[in-house]
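Student: Sequence first, then the predicted structure, then my questions.
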Amino acid sequence: MSLSSVIAAMEMQECGVERTGLIEMWAYFLGREYAHRRYGPNAHSAILEFYSAENASPSTFNNSWYAVNEHRSWVGINIFEHDHIPAGFLHDIIDSNAYNQNRIPGLFESTVVADTIAGYKISDIYNNLDGSTGSPAILMNKLRTILPFGNTTNHFDLLRSSYGY
């Protein structure tokens, strides 16, 4: 590691960039997750970043954040949060894809994100958000040590790396 990269990393920590990324990761995930649970799969605003106004209506599960999060591999679509906030990672470690497939049988999983991890609970994530968790990478490291039954560290690492961590 070069001296300049060490200095750059120290400056990022000092100004809170990594902690801000962690806060945004948690907030994006939790807000959408609970809105989806509270209001249901079809009671949401269509995501205009993915759909033009004329084909985004009516709101359906297929144009919800929940479904869109599953197929981030769409070519030519640049979603602001997917480029720097790994909010979908938290969604991916909780979902089993059965919910999505039961709603829309043809809903495909992203080919970019290797999502074979399931079984984490929101409380598992929350319990690892303490004062020593200062970045998304640190949270991911902690979650890796408490894999739910049936998951492997290899699959966890594949999912993590598909988010650039």
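Tutor: On my side now, so go ahead. Numbering: from 1, shown residues only.

Student: From here on, just use CA atoms for contacts and neighbour counts.
Tutor: OK.

Student: Just the mean pLDDT for the longest helix along the chain, thanks.
Tutor: Ranked by number of residues, the top helix in the chain under DSSP state H is helix 17-39. For helix 17-39, mean pLDDT is 84.

Student: give me the number of residues near residue 143?
Tutor: Applying other C-alpha atoms under 10 Å, we find 18 other residues in the vicinity of residue 143.

Student: wait, residue 149
Tutor: A count of nearby residues for residue 149, using other C-alpha under 10 Å, gives 9.

Student: quick one: buried residues of the longest helix of the chain?
Tutor: Residues of helix 17-39 classed as buried: 18-26, 28-30, 32-33, 36 (neighbour count, 16 or more other C-alpha atoms under 10 Å).

Student: and residue 124, what element?
Tutor: Element membership of residue 124, judged by DSSP states H and E, is helix 122-126.

Student: Packing partners of that helix?
Tutor: Under the contact criterion of 3 or more C-alpha pairs under 8 Å, 6 or more residues apart in numbering; DSSP states H and E, helix 122-126 touches helix 136-144.

Student: got the angle for the helix it packs on vs helix 17-39?
Tutor: Helix 136-144 and helix 17-39 are oriented at 60 degrees to each other (axes from the mean of the first three to the mean of the last three C-alpha atoms, to 10 degrees).

Student: tell me the mean pLDDT over helix 136-144?
Tutor: Per-residue pLDDT values over helix 136-144 give a mean of 95.

Student: in it, what's buried?
Tutor: For helix 136-144, by 16+ other C-alpha under 10 Å, it's 136, 137, 138, 139, 140, 142, 143, 144.

Student: For it, name the packing helices and strands.
Tutor: By 3+ C-alpha pairs under 8 Å, 6+ apart, helix 136-144 packs against helix 17-39, helix 122-126, helix 153-162.

Student: Please convert those to JSON lines, extending it with distance to residue 87.
Tutor: As requested, these are exported to JSON lines (distance: least, C-alpha to C-alpha, whole Å):
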{"stretch": "helix 17-39", "distance to residue 87": "4"}
{"stretch": "helix 122-126", "distance to residue 87": "12"}
{"stretch": "helix 153-162", "distance to residue 87": "12"}
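
Student: out of those, nearest to residue 92?
Tutor: Closest to residue 92 of the helices and strands packed on helix 136-144 is helix 153-162 (C-alpha to C-alpha; 8.3 Å).
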